[in-house]
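Student: Just need the structure, nothing else, for what follows:
(one chain, ligands or ions: 1)
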Amino acid sequence: MITRFAPSPTGPLHLGHAFSALTAFDLAQAAGGTFLLRMDDIDRVRSKPEYEEMAFEDLAWLGLSWPEPVLRQSRSGGRFRAALAQLDALDLIYPCSCSRADIAAAAGAPQEGVPEFGPDGRIYPGTCRGRPISDMKPDDAIRLNMAEAMQRGPLPSFYETGPEKPGRHALDPKLMVQGVGDVVVARKGQAAAYHLCVVVDDTAQNISLVTRGMDLFDATPIHVLLAHLLEVPIPYYHHHRLIRDEAGKRLAKRDDARAIQKYREDGASPQDIRALVGL
Ligand code: GLU
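Tutor: Numbers count the residues shown, from 1 in each chain. Below you'll find the model as predicted:
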């Protein structure tokens, strides 16, 4: 069993990250498995070496250890390009030049019963669908043709081991087409986008259990579909509860008040952090 904690070094780690990392570490320990750390630093503008350094320090202080070297997503460009070439060979991707404003305008007025947003943002109205990859311009993104992808082979499913939605989940073609749509697999100027990066790097690291927060549960069918299309193993999943503030809001990067560093400065112990997140 191999699981991982994969933060993006775009801010200090907070209590939500501590809970996620400790959960993955504890699951690995309990199963006699391996806990890996990965830096999801594909966003070269927002990722900062000082946040990465801080994350290493905080996680070690919490009592976690992991094998070196730590995989950095920014070094996985070759793997991402190979995955995109595979999807292109399947005729499932196309370049897209639409801005957010273009997409909002083309989507038109919301219709009763049709979702406007999915786990990848506003559902893409399909403006660029049909453009060949050979037509790709330097500023284009790349999207997956979801309706076409859902036609390929027996539909995959995934097994959730977390406490919130345990059991096997099948992909729902209607939901994937209408409620998720043509997701971005490469952003302009970047080798790949989040959904593809996670699948390719989890495969490269032989991750058998993906541990992460419930906020990503709805994105999981996208990852399972990509793994299926790329013909790589579909891991098990463990989506844990989210750590919220007093108002019930999920902690975000801007919640620096709950940064692990702050608690450390105030003299908290790693056990105090475990207690604070209910472990
Ligand atoms: N890098 C992702 C994040 O910071 C977590 C990895 C995943 O999606 O499994 O939210």
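Student: Show me which residues of the stretch 101-250 of the chain sit near the ligand.
Tutor: V198, V210, R212, L216 (C-beta under 6 Å from any ligand atom). Yep, even glycine has a C-beta here, placed from its N, CA and C like the rest.
Student: which residues of this structure fall in strands?
Tutor: Here the chain has its strands, by DSSP state E, at 2-5, 34-39, 71-72, 93-96, 117-118, 121-122, 141-144, 157-160, 167-170, 184-186, 209-213, 236-240.
Student: Which pLDDT value goes with the closest residue to V198 other than its chain neighbours?
Tutor: Excluding its sequence neighbours, the residue lying closest to V198 (C-beta to C-beta, 6 or more residues apart in numbering) is H223, at 5.9 Å. Here the pLDDT value assigned to H223 is 98.
Student: what's the burial count for H223?
Tutor: H223 has 21 neighbouring residues, counting by other C-beta atoms under 10 Å.
Student: wouldn't it be in contact with C197 here?
Tutor: No: with contact defined as C-beta atoms under 8 Å, H223 does not reach C197; the gap is 10.2 Å.
Student: returning to that earlier point: for the residue nearest to V198, what are its contacts?
Tutor: Going by C-beta atoms under 8 Å, 6 or more residues apart in numbering, H223 touches H195, V198, V199, V210.
Student: Surely the first one is in contact with A219?
Tutor: Yes: taking contact to mean C-beta under 8 Å, the distance of 6.7 Å between H195 and A219 places them in contact.
Student: Now for those two: what residues contact both?
Tutor: Common neighbours of H195 and A219 (C-beta under 8 Å, 6+ apart) are D120.
Student: Now do the same contact list for whichever residue of the stretch 151-279 of the chain sits closest to the ligand.
Tutor: Distances between the stretch 151-279 of the chain and the ligand by C-beta to the nearest ligand atom are smallest at R212, namely 4.1 Å. Listed by C-beta under 8 Å, 6+ apart, the contact set of R212 reads A6, S20, Y237, H238, H239, H240.
Student: roughly how far apart are the second one and M214?
Tutor: Computed as C-beta to C-beta, to the nearest Å, the S20 to M214 distance reads 11 Å.
Student: any low-confidence regions in the stretch 51-200 of the chain?
Tutor: Residues of the stretch 51-200 of the chain meeting the criterion pLDDT under 70: none.
Student: tell me, how many neighbours does whichever residue of the chain sits closest to the ligand end up with?
Tutor: Per C-beta to the nearest ligand atom, the residue of the chain with the smallest distance to the ligand is D40, at 3.4 Å. D40 is flanked by 19 other residues according to other C-beta under 10 Å.
Student: shouldn't it be in contact with Q73?
Tutor: Yes: D40 lies in contact with Q73 (C-beta under 8 Å); the separation is 4.9 Å.
Student: In this protein, what residue spans correspond to helices?
Tutor: Counting by DSSP state H, the chain has helices at residues 15-31, 49-61, 77-89, 100-107, 146-149, 173-174, 194-204, 220-230, 260-265, 270-276.
Student: CSV please, covering those and showing distance to I133.
Tutor: As requested, those are exported to CSV (distance: least, C-beta to C-beta, whole Å):
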stretch, distance to I133
helix 15-31, 36
helix 49-61, 33
helix 77-89, 5
helix 100-107, 20
helix 146-149, 14
helix 173-174, 24
helix 194-204, 15
helix 220-230, 15
helix 260-265, 43
helix 270-276, 47
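Student: Relative to D245, which of the ones you listed is closest?
Tutor: For D245, the closest of these is helix 15-31, at 9.2 Å, according to C-beta to C-beta.
Student: which of the residues in that closest one are buried?
Tutor: Burial within helix 15-31, assessed by neighbour count using 16 or more other C-beta atoms under 10 Å, is assigned to 15-28.
Student: thinking again about what came up before, anything in contact with each of D40 and Q73?
Tutor: Joint contacts of D40 and Q73 (C-beta under 8 Å, 6+ apart) are C197, D201.
Student: show me what contacts the nearest residue to S65 once chain neighbours are set aside?
Tutor: Among residues not flanking S65 along the chain, F35 sits closest, at 7.8 Å (C-beta to C-beta, 6+ apart). Residues in contact with F35 (C-beta under 8 Å, 6+ apart) are T3, R4, F5, A24, F25, A28, Q29, L64, S65, W66.
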